[in-house]
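1. sequence plus predicted model, see below.
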Amino acid sequence: MRIWDVNFKHLQAFLAVADTLSFTHAAARLDSNQPTLTRSIRRLEEQLDVPLFHRTTRQVTLSPAGVKLRDHLQTLLPHLERALFPVSERPVLRLGFSWLLPDAWMQEAIVRFEKETGAGVELRRRDDRCAGVDQGIVDLALLRGRTTVEGMRATELDTEECVAAVPQGHPWSGRPWADWAELADYPLVFNSVSGVVGENDWPAGSRPVFTVQCHNFDECLESVATGRGISVLPDLVLRRNLHPSVRFVPLRGAPKVPISLVRPAQGAHPLADRFTAVARRVISARRSLRLPPQAARHHTERELATR
């Protein structure tokens, strides 16, 4: 069967909804609107003669056909885009991430890298465990937590503190801090795809009840806002105005969350190591301003390689 009426925008629309599982967020990503996006998805489903999504008033999920199409397009569409719409000969490094990018040092690293190399950094948010680096969708990924991926090389650069995300009106919402152990008294919203904590971060006898499972940062915030539980997020959320119905409370005694840059152990983008080195220099310079010289001098980077 030859399909004549499917164009590049239809495929982009589908992949945006498949990534976010939200027509609202997908429309924002594509700088479009929901009616236009809905028409594109409907047209694609008509041409393929299969439903790609299951929709209810509360959620959007992929159908089996949608899952298959997403898996194919995640690999094929970036190659097709570069083949059909080459923008310039300027080298581009694709940087993937699942959560918010760290404050200050990441932005400085991108600016310095682009100035030093003449290459561009293309940011791609991916709601999956490895932010697309294991699939070749991005060249380098910023990941949180102690993630070891076969065939990948990770450079741990920094750590972040944890905070609790609680709904407005929660008993903690007016507190200056809470203890890590207190989380066991409340249901926890757990990001099973790219979350920063898991059950093993608590002793066996004091683990929270993981009552709500979500798959990305936006779902996590909305689940907290609707009172389904509380969650654990990186402390950079304290410096962002993210959701009017969610309050963030620093956690005392919580484990720190490692931040790593991950790239393929073999066949990596030629500039992936260069970006990692630039990021390391930026972090070291910032750390030396706030730590005693000896402490800064003894800070080391941990390299992990698995094949």
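-> Structure's in. What do you need?
2. tell me the contacts of the spatially most central residue of the chain?
-> The centroid of the chain falls nearest to Ser98 when counting by C-alpha atoms, centre = their mean (0.4 Å). Going by C-beta atoms under 8 Å, 6 or more residues apart in numbering, Ser98 touches 125-129, 131, 143-144, 193-194, 216-217. Using the backbone N, CA and C atoms, a C-beta is placed for each residue, glycine as well.
3. could you pull out the strands for the chain?
-> Applying DSSP state E to the chain gives strands spanning 53-55, 60-62, 92-97, 120-125, 140-144, 152-160, 162-167, 178-179, 187-191, 209-214, 231-234, 246-252, 257-264, 302-305.
4. could you tell me the least trusted of those strands?
-> Of all the strands of the chain, the minimum mean pLDDT falls on strand 302-305 (a mean of 40).
5. doesn't His243 make contact with Ala225?
-> Yes: between Ala225 and His243 a contact is recorded at 5.7 Å, counting by C-beta atoms under 8 Å.
6. got CSV for the strands of the chain, with mean neighbour count and distance to His79 too?
-> Below are those laid out as CSV (neighbours: other C-beta atoms under 10 Å; distance: least, C-beta to C-beta, whole Å):
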stretch, mean neighbour count, distance to His79
strand 53-55, 14, 24
strand 60-62, 15, 22
strand 92-97, 22, 12
strand 120-125, 16, 14
strand 140-144, 25, 18
strand 152-160, 20, 21
strand 162-167, 22, 37
strand 178-179, 16, 47
strand 187-191, 22, 29
strand 209-214, 16, 30
strand 231-234, 26, 32
strand 246-252, 19, 38
strand 257-264, 22, 17
strand 302-305, 12, 27
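7. could the ones you listed go into a markdown table alongside distance to Glu81?
-> Below are the strands of the chain laid out as a markdown table (distance: least, C-beta to C-beta, whole Å):
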| stretch | distance to Glu81 |
| --- | --- |
| strand 53-55 | 22 |
| strand 60-62 | 21 |
| strand 92-97 | 11 |
| strand 120-125 | 11 |
| strand 140-144 | 19 |
| strand 152-160 | 24 |
| strand 162-167 | 35 |
| strand 178-179 | 45 |
| strand 187-191 | 29 |
| strand 209-214 | 29 |
| strand 231-234 | 31 |
| strand 246-252 | 35 |
| strand 257-264 | 21 |
| strand 302-305 | 31 |
